[in-house]
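J.: Okay, predicted coordinates and the sequence, questions at the end:
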Amino acid sequence: MARYTGPRTKIARKFGDAIFGADKSFERKNYPPGFHGANKKRRKTSEYGLQLKEKQKAKYTYGVLEKQFANMFDKASRSKGVTGEVLLQLLESRLDNVVYRLGIAPSRAAARQLVSHRHITVNGNVVNVPSYTLRTGDLVGVREKSKALEAITESLESRHSSYSWLEWDGSQMAGKFMNCPEREEIPENIKEQLIVELYSK
């Protein structure tokens, strides 16, 4: 499965946001990469440049490649509701994202690996497709044989975030996807309207 495997801090600095999670290197240098660093005079970004940057930010944040992202936007544009919000809801409904949100994995990349390696179940059945779209009421859990996996137990021990659209049962090591989140419930700093404007050209 193709995915971005390059330097993450460099990408985070490009967007001025720790999109891959806590990053000490980014905290030290939270300005765009380049020889002249923070002192470099930068040209004003065009409208198209801002829109493209926002799309790239969303892609890197959720670990989605161009073709997948375009297909999701097409699906969002054909759905009822505000296109930008529906797009974010589709991204949040991905299995790898929900595994990350539940705290089973410390990052989306780690969540994607757990899913691919068949450690995660949906409604009791093993699902190894990270892009699998969850529906309201689906139960996402850890496979019985994988519950003692060190990577999973350590991540759950440091679990501190909870979301209104997810319900976690620690005794079962499973969570319920209650519903698609509203825009104000999604914590990602993404200006989805710029993405809609980009695709509308």
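T.: Perfect, thanks for sending it.

J.: rest of the way, CA atoms for contacts and neighbours
T.: Noted.

J.: In three-state terms, label the residue lying closest to residue 118 once chain neighbours are set aside for me.
T.: Among residues not flanking residue 118 along the chain, residue 128 sits closest, at 5.2 Å (CA to CA, 6 or more residues apart in numbering). Assigned with DSSP: H, G, I helix; E, B strand; the rest coil, residue 128 falls in the coil class.

J.: quick one: residue 128 and residue 120 touch, right?
T.: Yes. Taking CA atoms under 8 Å as the definition, residue 128 is a contact partner of residue 120 at 7.3 Å.

J.: Looking at these two, which one has more neighbours?
T.: residue 120 (29 against 20; other CA atoms under 10 Å).

J.: Bridging across strands, which residues link to the more buried one?
T.: Residues in a beta bridge with residue 120, per DSSP bridges, are residue 142.

J.: gap between it and residue 100?
T.: 12 Å (CA to CA, to the nearest Å).

J.: and if you look at residue 125?
T.: 19 Å.

J.: Of those two, which one has the most company?
T.: More crowded of residue 125 and residue 100, by other CA under 10 Å: residue 100, with 18 against 13.

J.: Report the secondary structure state of the more buried one.
T.: Classification of residue 100 using three-state DSSP returns helix.

J.: Over to residue 148?
T.: Note that with three-state DSSP, the state of residue 148 is coil.

J.: Run a quick neighbour tally on it.
T.: Neighbours of residue 148 (other CA under 10 Å): 12.

J.: ok, it - contacts?
T.: With contacts taken as CA atoms under 8 Å, 6 or more residues apart in numbering, residue 148 has no neighbouring residues.

J.: Would you check how far apart it and residue 169 are?
T.: In terms of CA to CA, residue 148 sits 16 Å off from residue 169.

J.: Likewise for residue 195?
T.: As defined by CA to CA, residue 195 lies at a distance of 36 Å from residue 169.

J.: Looking at the two, which one has more neighbours?
T.: A count of neighbours by other CA under 10 Å puts residue 195 above the other of residue 195 and residue 169, at 23 against 11.

J.: my guess is that one meets residue 52, correct?
T.: Yes. Between residue 195 and residue 52 there is a contact at 7.3 Å, judged by CA under 8 Å.
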